[in-house]
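Asks: Below is the structure, and that's it, no one-letter string:
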């Protein structure tokens with residue numbers, strides 16, 4: 001694991017954008033394609049906008065294949081849709097071919113949507129391991145990542161796959177890649193900035209293991225690399241930097 005700590009959020013975003021391009025270029029050079037699972041929320045939106053503008057000519061975007069680490073159980077045209085956010089911030093500006101985009105079919109019931117998405121992931125990798133070149137992750141105030149929320153059954157999945165997750169407090173479903181699937185990735189990058197994330201960062205990185213309370217502790221790549229991209233505010237409660 002590597003900690004990359006920068007003074008400001010803008011510096012964090014720039015560093016991760018450069019990392020994204022480096023990993024993508026290496027994957028394309030080696031395999032002729034770059035598979036990446038995107039995260040949702042406001043923080044990665046700024047990253048995607050940066051990639052689509054300042055870095056639009058630094059990667060062969062026709063060879064990038066996009067997946068989603070998790071998705072809300074909402075229509076694809078909903079303001080809450082991770083797919084819609086990425087579409088506006090990244091896919092449309094870069095003229096990404098729809099065949100390069102693998103969105104969760106939220107028109108299905110959550111269980112069926114998860115099953116279908118897992119099948120699409122398996123078909124993409126065919127006979128090879130389900131190993132993405134890069135998975136982007138965020139971190140919630142409650143130490144969740146993707147849709148691996150505290151005290152949910154998905155935390156105990158042991159086989160790489162995609163699961164539906166019901167959040168009782170919100171009475172909503174989400175569809176998420178589980179920890180075993182995420183941990184198969186060649187590269188994992190957490191994007192976390194802002195003082196409001198400092199406690200969660202401390203819990204995940206420095207507290208004793210308690211996956212029920214701090215699900216992001218589940219993210220431990222098997223053979224790949226994990227990078228944390230933080231600003232000083234988000235890293236402010238870390239004892240070891």
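Replies: Okay, I see it. This one's a predicted model, so the numbers in the text were calculated from it and none came from an experiment.
Asks: Where does pLDDT dip in the protein?
Replies: When the per-residue scores of the chain are filtered using pLDDT under 70, the ranges that remain are 241.
Asks: Which stretches in it count as strands?
Replies: In the chain, the segments counted as strands under DSSP state E are 2-6, 34-38, 64-68, 70-72, 134-137, 162-167, 172-177, 187-192, 225-231.
Asks: Just send the ones you listed back as a markdown table, with distance to residue 217 too.
Replies: Glycine gets a C-beta too; all of them are placed from N, C-alpha and C. Output for the strands of the chain, formatted as a markdown table (distance: least, C-beta to C-beta, whole Å):
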| stretch | distance to residue 217 |
| --- | --- |
| strand 2-6 | 15 |
| strand 34-38 | 19 |
| strand 64-68 | 22 |
| strand 70-72 | 17 |
| strand 134-137 | 12 |
| strand 162-167 | 17 |
| strand 172-177 | 16 |
| strand 187-192 | 12 |
| strand 225-231 | 12 |
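Asks: mind checking which of those strands is nearest residue 113?
Replies: Among these, strand 172-177 comes nearest to residue 113, with 5.2 Å by C-beta to C-beta.
Asks: which other residues reach the closest one?
Replies: Taking C-beta atoms under 8 Å, 6 or more residues apart in numbering as the criterion, the residues outside strand 172-177 that touch it are 37, 69-73, 104, 106, 110, 113-114, 117, 121, 135, 146-148, 154, 161-167.
Asks: Okay, now the sheet partners of it, with direction.
Replies: Based on DSSP bridges, the strands next to strand 172-177 in the sheet, each with its direction, are strand 70-72 (antiparallel), strand 162-167 (antiparallel).
Asks: and the ones you listed, which is most packed in?
Replies: By mean neighbour count, with neighbours taken as mean count of other C-beta atoms under 10 Å, strand 70-72 ranks first of the strands paired with strand 172-177 at a mean of 25.
Asks: What lies in contact with it?
Replies: Contacts of strand 70-72 from elsewhere in the structure, counted by C-beta under 8 Å, 6+ apart, are 39-40, 78, 80-83, 103-104, 106, 146-147, 172, 174-177.
Asks: roughly how far out does it sit from the chain middle?
Replies: Here strand 70-72 is found 10 Å from its chain centre; the criterion is C-alpha atoms, centre = their mean, to the nearest Å.
Asks: which parts of the helix ranked longest in the chain are buried?
Replies: The single longest helix within the chain, with elements called by DSSP state H, is helix 9-31. Under the neighbour-count criterion of 16 or more other C-beta atoms under 10 Å, helix 9-31 has 9, 11-17, 19-20, 23-24, 27-28 buried.
Asks: Equivalent analysis for stretch 115-124, please.
Replies: 115, 117, 118, 121.
Asks: what's the last one in contact with, if anything?
Replies: The reference is to residue 121. 67, 102, 130, 162, 177, 181.
Asks: Most neighbours among those residues, which one is it?
Replies: Greatest neighbour count in these, by other C-beta atoms under 10 Å, goes to residue 177: 33 neighbours.
Asks: Name whatever forms a beta bridge with that residue.
Replies: Residues in a beta bridge with residue 177, per DSSP bridges, are residue 162.
Asks: I'd like the distance between it and residue 66.
Replies: Taking C-beta to C-beta, to the nearest Å as the criterion, residue 177 is separated from residue 66 by 13 Å.
Asks: Now for those two: what residues contact both?
Replies: Common neighbours of residue 177 and residue 66 (criterion: C-beta under 8 Å, 6+ apart): residue 37.
Asks: hmm, back to that, so which of the strands paired with strand 172-177 comes closest to residue 197?
Replies: When the strands paired with strand 172-177 are ranked by proximity to residue 197, the top entry is strand 70-72, at 17.7 Å, counting by C-beta to C-beta.
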